[in-house]
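Visitor: my questions are about this predicted structure, shown below with the sequence.
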Amino acid sequence: MVLLYVFLGTVFGFVLSRSGAADYNYIQGMFLLEKFQLYGIIGTAVLIGIPGVYLLKRHGHTASGAMLIVRGKPRHRGNIAGGILFGIGWSITGMCPGPIVVNIGEGKIYALAALAGALTGAALFGSLYERLRRPFRLPALQYGTGDG
Amino acid sequence: MHLILNDVTPLHWAVGGAGIAAVTLALLFLTGRRLGISTGFEDACSLVLDAPYFRRSSLLGDRNWRLQFVAGLLLGGFLSAVLSGGWSPTWDLGMFDEVIGWGAGAKLVWMFVGGLFIGFGTRLAGGCTSGHGIFGISNLELPSFVTTASFMLAGIITTHIIYRVMFEA
């Protein structure tokens, strides 16, 4: 199983690297509404993903026969506030979380600083969770804000 | 237009999107897992921090597979470089170099600050481009539509401020 996760991650990382999804210029071109590439990538992924996830859920089992249950993410005020903060960070760095790691793999030195910042930001968030919980109506601590 | 990486011509967007969907669906079908990268930041934090948020069982129980997947991302980027003309450490940052033109030290500070927004923001939102934008929307989840609209709009506004107001391209 370890090899399966590493393999899927490798394919995912390779596709992000070669499609422009981990490329600073393509990300800025997306946000400037000047390049279609990233909209095409995300749109295609979702257009295949919607029927795919639907059919797999209807099938109801994984390849090994285990029950396939998809638990939805919780809804809370952090969706908008966190989304805005993340969007600002994505624009500043030109990288979302996956591509930070992909860029490090490609040899982009500055991506290490983005990773250090992201880990610090996540550490800060986790440490402040109980204080953020009420204003953002977040789920109880043992559940967290949502996996992914 | 080419990639910053080794001046490679990128894959067609339909191929890139199909590849992302294929990994997403394979992960779900083979392992029952939902795609999502940003929780990996929490997984990494949980290796060294003992704040209660990083000790909860829902996080620790799911930690290993995601860290393995993230290790794959690193390898995927490395292979992409090796197979497209070679791997070498670089500071190249495309239009940032052309328009803003800051050196290595300032670039590190810029990236660290952006990273802070990413780490804090994705965890507050409960996911990032992969967990909300790809998987959540594929599963037609309302919080994912809301989060995706929020980060896309914030990104569009921020990049316009950076490249149309602060530093005119």
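Guide: Cool, got the structure.

Visitor: where exactly do the helices run in chain B?
Guide: For chain B, the helices defined by DSSP state H occupy B:13-31, B:39-46, B:57-60, B:63-82, B:95, B:104-125, B:137-138, B:142-160.

Visitor: can you redo those helices as JSON lines with distance to chain A, mean pLDDT and mean neighbour count?
Guide: Quick note: C-beta positions are derived from backbone N, CA and C, even for glycine. As requested, the helices of chain B are arranged in JSON lines below (distance: least, CB to the nearest CB, whole Å; pLDDT from 0 to 100; neighbours: other CB atoms under 10 Å in any protein chain shown):
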{"stretch": "helix B:13-31", "distance to chain A": "2", "mean pLDDT": "98", "mean neighbour count": "21"}
{"stretch": "helix B:39-46", "distance to chain A": "4", "mean pLDDT": "96", "mean neighbour count": "24"}
{"stretch": "helix B:57-60", "distance to chain A": "6", "mean pLDDT": "91", "mean neighbour count": "13"}
{"stretch": "helix B:63-82", "distance to chain A": "2", "mean pLDDT": "97", "mean neighbour count": "22"}
{"stretch": "helix B:95", "distance to chain A": "5", "mean pLDDT": "96", "mean neighbour count": "17"}
{"stretch": "helix B:104-125", "distance to chain A": "2", "mean pLDDT": "98", "mean neighbour count": "24"}
{"stretch": "helix B:137-138", "distance to chain A": "3", "mean pLDDT": "98", "mean neighbour count": "22"}
{"stretch": "helix B:142-160", "distance to chain A": "3", "mean pLDDT": "98", "mean neighbour count": "21"}
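
Visitor: how close does residue B:22 get to residue B:125?
Guide: Taking CB to CB, to the nearest Å as the measure, residue B:22 falls 25 Å from residue B:125.

Visitor: same question for residue B:35.
Guide: Where residue B:125 is concerned, residue B:35 sits at a distance of 15 Å (CB to CB).

Visitor: residue B:15 too?
Guide: Separation of residue B:15 from residue B:125 (CB to CB) stands at 29 Å.

Visitor: how's chain A carved up into domains?
Guide: As assigned by automatic domain parsing, chain A contains the domains A:2-35+A:73-136, A:43-72.

Visitor: centre of the chain versus the first one, how much separation?
Guide: Its chain's C-alpha centre lies 6 Å from the corresponding centre of domain A:2-35+A:73-136 when counted by CA atoms, centre = their mean, to the nearest Å.

Visitor: and if you look at the shortest one?
Guide: Relative to the centre of its chain, domain A:43-72 is centred 18 Å away, using CA atoms, centre = their mean.

Visitor: what does stretch B:49-69 give?
Guide: 19 Å.

Visitor: start and end of it, how far apart?
Guide: 21 Å (CA to CA, to the nearest Å).

Visitor: mind listing the helices for chain A?
Guide: Per DSSP H, chain A carries helices over the ranges A:2-19, A:24-31, A:37-59, A:78-93, A:97-106, A:110-127, A:129-133.

Visitor: relative to residue B:9, which of these is closest?
Guide: Nearest to residue B:9 among these is helix A:2-19; the distance by CB to CB comes to 9.2 Å.

Visitor: which one is residue 66 nearest to, not counting chain neighbours?
Guide: No chain was given, so I picked chain A. With CB to CB, 6 or more residues apart in numbering or on different chains as the criterion, residue A:66 has its nearest non-adjacent residue at 5.9 Å, and that residue is residue B:32.

Visitor: the chain in question should be chain B.
Guide: Residue B:66 sits nearest to residue B:40 (CB to CB, 6+ apart), 5.0 Å away.

Visitor: the nearest residue to residue A:57 once chain neighbours are set aside: neighbour count?
Guide: Of all residues not flanking residue A:57 in the chain, residue A:70 sits nearest, at 5.9 Å (CB to CB, 6+ apart). The number of residues packed near residue A:70 is 15, by other CB atoms under 10 Å in any protein chain shown.

Visitor: could you report the neighbour count for the closest residue in space to residue A:26 that isn't next to it in sequence?
Guide: The shortest distance from residue A:26 to any non-neighbouring residue, by CB to CB, 6+ apart, is to residue A:20 (3.6 Å). Other residues near residue A:20 come to 28 when the count uses other CB under 10 Å.

Visitor: please tell me how far residue A:20 sits from residue B:2.
Guide: 10 Å.
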